[in-house]
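# Turn this into a model:
(2 chains)
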Amino acid sequence: NAGVTQTPKFQVLKTGQSMTLQCAQDMNHNSMYWYRQDPGMGLRLIYYSASEGTTDKGEVPNGYNVSRLNKREFSLRLESAAPSQTSVYFCASTFSGGANNEQFFGPGTRLTVL
Amino acid sequence: RKEVEQDPGPFNVPEGATVAFNCTYSNSASQSFFWYRQDCRKEPKLLMSVYSSGNEDGRFTAQLNRASQYISLLIRDSKLSDSATYLCVVNQGTGGFKTIFGAGTRLFVKA
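Below you'll find the model as predicted:
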């Protein structure tokens, strides 16, 4: 089992460019999440998908869109990148959205927007 | 005020030392509590859940005080491999969608 995989690992964009971050999990989990992590701050939830076919906004959704392509895959799109979106992006998954479920994280994507 | 607050550290301790981290949370209706560990430039991984009665996993002990809205993690007999950032995590709802991560406490264990 690969667990949660993310591509790319690193990316540099210019302001205004667009890109899609890919995430996939092979644990048959129902719920998937996108977080960003900035220095001195905890992980902040961007969007989540409670189950296949549903997506909802988290704490910081502005400037992002998501697609739950199927049960395995959950992508994050930046339509017009801004320097404020420079961050480390983590995808995570849980079996269900239950409060006690462990979240499994991917290795992260380090994004720099110039 | 942040919803989950931790001392950022860093804590610099010698091998074999005992070290304690604290965390406070603001939402009294929070449902479940965890400690995650994050190594430098890596993803967070669950270290342990925190139960009301307190729980222990080897050298690690977690405590929860709901009245004071306070969580702690005690590491005994520190190892070099314990060097990492420890994230206090609070779930405010019945679902994982209201999970709040603290900014983390950095620990360096020296030989």
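# Report the beta-bridge partner residues of B:P14.
Judged by DSSP bridges, the bridge partners of B:P14 are B:K110.
# For it, grab the count of nearby residues.
Close neighbours of B:P14, defined as other C-beta atoms under 10 Å in any protein chain shown, add up to 9. Backbone N, C-alpha and C define where each C-beta goes, glycine included.
# from what I can see it touches B:F108, true?
No. Look at B:P14 against B:F108 with C-beta atoms under 8 Å: they stay out of range, at 10.2 Å.
# Which strand or helix spans B:S68?
For B:S68, there is no enclosing helix or strand under DSSP states H and E.
# what's the neighbour count on it?
Neighbour tally, B:S68, other C-beta under 10 Å: 8.
# quick one: the residue nearest to it when sequence neighbours are not counted and chain A, what's the gap?
Excluding its sequence neighbours, the residue lying closest to B:S68 (C-beta to C-beta, 6 or more residues apart in numbering or on different chains) is B:T24, at 7.8 Å. Look at B:T24 and chain A: by C-beta to the nearest C-beta, to the nearest Å, they are 13 Å apart.
# any idea whether B:S81 is helix, strand or coil?
Look at B:S81: counting by DSSP: H, G, I helix; E, B strand; the rest coil, its state is helix.
# Name the surrounding residues that touch the helix or strand bottoming out on mean pLDDT in chain B.
None of the helices or strands of chain B scores lower by mean pLDDT, DSSP states H and E than strand B:99-101, at a mean of 90. Here strand B:99-101 makes contact (C-beta atoms under 8 Å, 6 or more residues apart in numbering or on different chains) with A:35, A:42-45, A:103, B:3-4, B:25, B:27, B:36, B:44, B:87-92.
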